[in-house]
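In: Model the following, please.
(one chain, ligands or ions: 1)
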Amino acid sequence: MAPAVLAVDQGTTNSKAVLVSADGSVLATGSAPVGLSAPQPGWAEQDADNLWRSVLAAISSCLAAAEPVEITGIGLSTQRESVVGWDRRTGEAVGPVIGWQDVRTTSWCSSLPDDLDTLVRARTGLRVDAMFSAPKLRWLLDHTDADRVGTVDSWLIHRLTGCREHLTDAGNASRTLLYDVLEFGWSPALLEAFGVPRSVLPDVRPSNAGFGVTAGVPGLPDGIPIVAVLADSHAAMYGQGCTQAGMIKATYGTGSSVMTPVDEFVADGCTLAWLTDRPLYALEGNIVSSGAALAWTATMLGLPDVGALIELAATVPDAGGVSLVPAFAGLGAPHWDRAARAAITGMSSSTTRAHLARACVDAVAHQICDVTDTIPGTPGRLRADGGATVSNLLMQTQADLLGHPVEAADVAEISALGVAELAWTTLGACTGWAAQRRYRSFEPAVDAAARAGRRAEWAAAVASVRTLK
Ligand SMILES: O=P(O)(O)OC[C@H](O)CO
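Out: All right, here's what the predicted structure looks like:
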């Protein structure tokens, strides 16, 4: 039987499973949706058992679509910052997954002392914000009986290993606000500040250090090693071969993430992408709503899906002066204004549904530019990945607004391929798959004055929703 790595990419809306051979070929894929609910405004919850079942369903449909293979290892890529709590004795989830988009702890975060933010920046590269795990963990500990907690990777490791292991990788840990990315351990000062006891947290391992073996997983043999674990956005960066300073990638998911590796840790907007034989730090900007904004606008316009929205957007040459700022849960990077709310500006009596659709596509691209504008010496060429990159209209808009070429990876499963590549590298295979990957290239097609005009229109719309001036 041919050897393969089974890569699982657990995201906000879907769980995917991909069988990948040692040369990077995709042998089979499977996917299953995950439910998401908003029981109160600003809350985002998922059912932890449903999430686990969606992983099993994705694996099962992937294996059913493949010729028989020998699974030599598992690679795990997961949505970040979301947290789960469970009972140490029974292994069962206690309470919901609190999603990364959930902002229920915003006012609690605002009540924390300013000097905590200084400490958080110095030790994690991040800032105090309700998006990150620590305030969500505090909420779980206050409102449930959980005595074990972790991010989604640790919940899946727990289930894949028959409830034996309580582990996380350093890249996922770096998104919690509790992990010292310079000392490579949970920070006692940050644990105390957020009121999270060390005893409830997983042990942190380097991203390719091994995370136990499968036990009792329906449809999988026991004893398969979990070789590598990466956070999904970081896995996309690995899959893009974006591993050196001077390269930049954007992942278009439910939100978007722009990342560029840096040679040294910077105490603002920096994250630990992974830890292998050495750490790789990256500057990152998280955009809260991009794919979610496209889906919302499609629904509001009575369209069946995002594909139909983009088709409608393509029927007009521009947004006709309309801007749509998708601050449904506030603004993330680079504005970090959680009290801001969404708005549509610039409408006139000649505004059509197509202009609104086009404004939403523009918004996804503008938000990426807002982040790249803040990255010093932004490299010219942007590598793009994620579901929305199938849209040529979006990619062309991105190149036009950026003023630099955009290269869209011609693979749908870049995060799964990224973690599969790290797993195969760890197992001793010769990789470097990004060099052979095909990209769709988009060159800017508008002049500097037109670009500046559109960026200024967008900036005015963002300014109109901001609460922090
Ligand atoms: O589920 P995605 O792909 O939108 O990714 C979610 C991110 O990891 C949140 O930081």
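
In: other SSEs contacting the lengthiest helix in the chain?
Out: The longest helix of the chain (DSSP state H) is helix 353-372. Applying 3 or more CB pairs under 8 Å, 6 or more residues apart in numbering; DSSP states H and E, one finds that helix 353-372 contacts strand 248-252, strand 256-262, strand 279-287, helix 291-300, helix 306-313, strand 323-325, helix 392-402, helix 448-465. All C-beta atoms are positioned from the backbone trio N, CA, C, and that covers glycine.

In: so which of those gets nearest L220?
Out: Set against L220 and scored by CB to CB, the helices and strands packed on helix 353-372 come closest in strand 248-252, at 27.8 Å.

In: gap between the closest one and the chain center?
Out: 10 Å (CA atoms, centre = their mean, to the nearest Å).

In: quick revisit: can you redo the helices and strands packed on helix 353-372 as a markdown table with mean neighbour count?
Out: Compiled in a markdown table, these are given as follows (neighbours: other CB atoms under 10 Å):
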| stretch | mean neighbour count |
| --- | --- |
| strand 248-252 | 28 |
| strand 256-262 | 25 |
| strand 279-287 | 23 |
| helix 291-300 | 20 |
| helix 306-313 | 20 |
| strand 323-325 | 25 |
| helix 392-402 | 22 |
| helix 448-465 | 15 |
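
In: mind giving me TSV with these and columns for mean pLDDT?
Out: Listed next are those as TSV, based on pLDDT from 0 to 100:
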stretch	mean pLDDT
strand 248-252	93
strand 256-262	94
strand 279-287	94
helix 291-300	96
helix 306-313	97
strand 323-325	98
helix 392-402	97
helix 448-465	96
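
In: TSV for the ones you listed, including distance to P39?
Out: Converted to TSV, the helices and strands packed on helix 353-372 look like this (distance: least, CB to CB, whole Å):
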stretch	distance to P39
strand 248-252	27
strand 256-262	25
strand 279-287	23
helix 291-300	17
helix 306-313	25
strand 323-325	25
helix 392-402	32
helix 448-465	25
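
In: which sections of the stretch 1-150 of the chain are below the confidence cut-off?
Out: Within the stretch 1-150 of the chain, no stretch has pLDDT under 70.

In: Strands along that one, start to end?
Out: 2-10, 14-20, 26-33, 45-46, 69-78, 83-86, 97-98, 148-151 (DSSP state E, counting those that start in this stretch).

In: which helices and strands sit right next to the fourth one?
Out: The one in question is strand 45-46. If you count contacts as 3+ CB pairs under 8 Å, 6+ apart, strand 45-46 packs onto strand 97-98.

In: The strand it packs on near the ligand anywhere?
Out: No: contact of strand 97-98 with the ligand is not found when judged by CB under 6 Å from any ligand atom; the minimum separation is 11.9 Å.

In: any residues touching that strand, and which ones?
Out: Contact partners of strand 97-98, identified using CB atoms under 8 Å, 6 or more residues apart in numbering, comprise 44-48, 51, 82-84, 104, 136, 139-140, 152, 155.

In: Now find how far off-centre it is within its chain.
Out: 15 Å.

In: Next, I344: secondary structure please.
Out: strand (DSSP: H, G, I helix; E, B strand; the rest coil).

In: tell me the contacts of it?
Out: V322, S323, L324, V325, L356, A359 are the contacts of I344 under CB under 8 Å, 6+ apart.

In: Next, give me the two most distant ones among those residues.
Out: Based on CB to CB, the longest span within the contacts of I344 runs between V325 and L356 and measures 12.6 Å.

In: residues from the chain in reach of the ligand?
Out: Proximity of the chain to the ligand (CB under 6 Å from any ligand atom) is limited to residues G11, T12, Q79, R80, E81, W100, D232, S233, G253, T254, G255, N286.

In: Skipping its backbone neighbours, what lies nearest the second one in space?
Out: Setting aside the residues directly before and after it, T12 is nearest to T254 in space (CB to CB, 6 or more residues apart in numbering), at 4.4 Å.
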